[in-house]
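Colleague: below are the sequence and a predicted model; questions follow.
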Amino acid sequence: MTARTILLLGNPQLYKVSEEIDKSEVKSLQPIIQDLHDTMMAYRAQYGAGRAIAAPQIGVMKRLIYMHIDKPMVFINPSLKDLSDEMIEVWDDCMSFPDLLVRVQRHRSCTIEYRDENWIHHTLHLVDDLSELLQHEYDHLNGILAVARAMDGYSYALRSQRHFLKKT
């Protein structure tokens, strides 16, 4: 497998809604999952960031998210539920626009239901960083980028400006 090219902001494919994955497709996902891993690790080596990636970011229009923080996790056909009323404000970054940060609001907590690569159903309750992260990746599956969620016209900064940004 190999690191793939990440689609960048402005690529029309990033604005498309991804297709559900059928159980019969699970075995064919392994090369894609490996490519997501390799792509994210290459990005991490270059930028020092990257915790998760959605399949549409490498041009695979399927409802698939790969996350690797402490261990690899695969989210097939994820669904977000129980979005909290309480919101958090974050400077969001994205592999599809590596030099740009966007200030957005995300739900402080949520629940994600998904299937893993063995088609086993899981439910996780997420808070704070993980909640924000998986909301971001879930948006990719629906053709929504963080730039569309910017709080206002002043909610953009170049990554090199990060030290000027107030922590929230």
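Modeller: Thanks, I have the structure now. Just so it is clear, the structure is predicted and the values come from calculations on it, not from any experiment.
Colleague: next up, the contacts around I32.
Modeller: Taking CB atoms under 8 Å, 6 or more residues apart in numbering, we find I32 in contact with A55, V60, K62, L64. Glycine gets a C-beta too; all of them are placed from N, C-alpha and C.
Colleague: how far off centre is the strand or helix carrying E113?
Modeller: Assigned by DSSP states H and E, E113 belongs to strand 109-115. Relative to its parent chain, strand 109-115 has a centroid offset of 13 Å by CA atoms, centre = their mean, to the nearest Å.
Colleague: buried set for the lowest-mean-pLDDT helix or strand in the chain?
Modeller: Counting by mean pLDDT, DSSP states H and E, the weakest-scoring helix or strand in the chain turns out to be strand 156-158, with a mean of 93. In terms of neighbour count (16 or more other CB atoms under 10 Å), strand 156-158 has its buried residues at Y156, A157.
Colleague: what strands line up against that strand, and which way round?
Modeller: strand 97-107 (antiparallel) (DSSP bridges).
Colleague: residues contacting I53?
Modeller: Applying CB under 8 Å, 6+ apart, one finds that I53 lies in contact with I6, L36, T39, M40, Y43, I65, Y66, M95, E137.
Colleague: try it again with 6 Å
Modeller: Contacts of I53 were listed using CB atoms under 6 Å, 6 or more residues apart in numbering, and they are L36, M40, Y66.
Colleague: just these: which are in helices?
Modeller: Cross-referencing the contacts of I53 against helices under DSSP state H gives L36, M40.
Colleague: most neighbours of all the contacts of I53, which one?
Modeller: Each of the contacts of I53 was scored for neighbours by other CB atoms under 10 Å, and L36 scores highest at 28 neighbours.
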